[in-house]
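> Quick check, what structure comes out for this input:
(one chain, ligands or ions: 2)
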Amino acid sequence: MLGYGDEYFEIVEVRAMEVLDSRGNPTLMVEVLTRGGGLGKALVPSGASKGAHEALELRDGDPARFRGKGVMRAVENVNRKIAPAIRGMNSSLQRAIDLKMIELDGTEDKSNLGANAILGVSMAVAKAAADTRGVPLYEYLGGISARTLPVPLMNLINGGKHAGNELSFQEFMIAPIGFKRFSDALRAGCEIYMALRELLRKRYGPSSVNVGDEGGFAPNLKGAREALDSLIDAIEAAGMRAGRDVVLALDPAASSFYDEASGMYAVDGELMDREGLISLYEDLVREYPIFSIEDPLHEEDFEGFSDLTRRLRYVQIVGDDLFVTNRDRLRRGAEVGAANAILIKPNQIGTLSETMDVVSDAGSFGYRCVLSHRSGETEDTTIADLAVGLGIGQIKAGAPARGERTAKYNRLLEIEHHLSESDSPQYYGAKLSPRRP
Ligand code: 2PG
Ligand code: MG
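Residues are numbered from 1 along each chain as shown. Ligands and ions are numbered 1, 2, ... in the order given. Prediction:
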């Protein structure tokens, strides 16, 4: 059929350049062009609270440019090494192209070419193939079964490494589950965000509504309970029921307040060991409608994770720094029952194929997935399409504020709109209804 022949999918051009992320740090933009005129353009995100086992983000280390954070070496790797290797290949053979780059790199952690270089190409290839076929990315990835919109885990209060305040926990999120449509859930999230702004300003003064890296407020609160109370009050002030319409989620990102030498965690001014921290979570889960906790313990503590997962039976325990979107680490976790969900960040592993493999492994282990942005983001919206395309029911994309965050939400609104023209979009919310006895 005209336009569907293999020759149309042939990669004719691959090029990268250095652009900026939401923190003003350099990152890569990659463009892939096919013979059929399809164009794929992708920008690569970057984390602040990175897991020690993530694939390597290649930076120049040249203090004369961007304080060493330039990515010109990664750009060169795309233009001089990857481009000649994949030019002429069929862009719809995603796995073959990803494999080619993995082989070309030849290291476990992609430190040769850089996971940022490889991921930029991997995403741009998928987009170019989708464009060549004339279908949106989510449909290219998921076919006609792709029609479920994810629950947004919206990070309304920022702490930890994402904010200049004293809160130890990194993310205090709301999950609007009790809605029929994604757009209604998102609107609820925005109304709560507005109510929270008003409430924080009243209680803690105007500087409390300055925002952190992910667009959530970064007030100087005394601790986690004050943040959780503020969220509950904002949910109610917005006219919704906490625990029914809207539930809470945490990402303490525990590695960031763990001291390896002493084995102790410093939480909001208090030192505690693993047992102390687990009991704190048990208390918080009893006191607040928390349905999900990500990285509750530090990234090497598989044993602690499995203990905690057993004890907090009805809570979604998500491994982010623990699993780093890596099949081997996920398998190791599944063997001992560490966590029951995995955070999926394509740039932790470096290719789309490997990301999809981890998602499929998670399904076979009975683990849920949460797709995630990074704290350093761009206007790229690939993760929104990935969430729908792979049928992943939850997405972390920050507060409904700042363009790099709203870009993802706006893309999901657009996808819901497309789907409602031909099909009935589903919303994952009902599947997350509290499982407590
Ligand atoms: C996390 C992420 C995203 P970062 O810990 O889950 O919210 O933060 O990108 O800084 O690793
Ligand atoms: Mg995290």
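> and the helix or strand residue 40 falls within, what does it pack onto?
Per DSSP states H and E: residue 40 is located in strand 39-43. For strand 39-43, the elements it packs on are strand 26-34, helix 115-133, judged by 3 or more C-beta pairs under 8 Å, 6 or more residues apart in numbering; DSSP states H and E. Quick note: C-beta positions are derived from backbone N, CA and C, even for glycine.
> how about the shortest one, does it reach ligand 1?
It stands for strand 26-34. No: legend: contact between strand 26-34 and ligand 1 by C-beta under 6 Å from any ligand atom is lacking; minimum distance shown is 12.6 Å.
> The chain should start at 13 in everything you say after this.
With 13 as the first residue, the last one maps to strand 38-46.
> Show me what that strand is packed against.
strand 23-32, strand 51-55, helix 127-145.
> Pull out the buried residues from the helix or strand where residue 340 lies.
Here residue 340 sits within helix 339-348, counting by DSSP H and E. Within helix 339-348, the residues that count as buried by 16 or more other C-beta atoms under 10 Å are 341, 342, 345, 346.
> mind checking how far the closest residue to ligand 2 within the chain is from residue 106?
The chain approaches ligand 2 most closely through residue 332 (3.6 Å), counting by C-beta to the ion. Shown here: residue 332 relative to residue 106, a distance of 25 Å by C-beta to C-beta, to the nearest Å.
> Of the two, which one has the most company?
residue 332 (26 against 19; other C-beta atoms under 10 Å).
> Identify the bridge partners of the closest residue in space to that one that isn't next to it in sequence.
Leaving out its chain neighbours, the residue that sits closest to residue 332 by C-beta to C-beta, 6 or more residues apart in numbering is residue 355, at 3.8 Å. Beta-bridge partners of residue 355, counted by DSSP bridges, are residue 382.
> shouldn't residue 355 be in contact with residue 380?
No: when contacts are counted by C-beta atoms under 8 Å, residue 355 is not listed as touching residue 380 (10.2 Å).
> list residues touching both of these two?
When contacts are counted by C-beta atoms under 8 Å, 6 or more residues apart in numbering, residue 355 and residue 380 have residue 330 as shared neighbours.
> quick one: which of these two has more around it?
With other C-beta under 10 Å as the criterion, residue 355 and residue 380 differ in neighbour count, and residue 355 comes out ahead with 24 against 19.
> how about residue 209, what does it touch?
Contacts of residue 209 by C-beta under 8 Å, 6+ apart are 221, 229.
> Does it fall in a helix, a strand, or a coil region?
helix (DSSP: H, G, I helix; E, B strand; the rest coil).
> what does the stretch 213-362 of the chain put close to ligand 1?
So far as C-beta under 6 Å from any ligand atom goes, the stretch 213-362 of the chain lies against ligand 1 at 263, 265, 332, 355.
> among those residues, which are in helices?
Judged by DSSP state H, the subset of these located in helices is empty.
> Right, I'll call it a day here.
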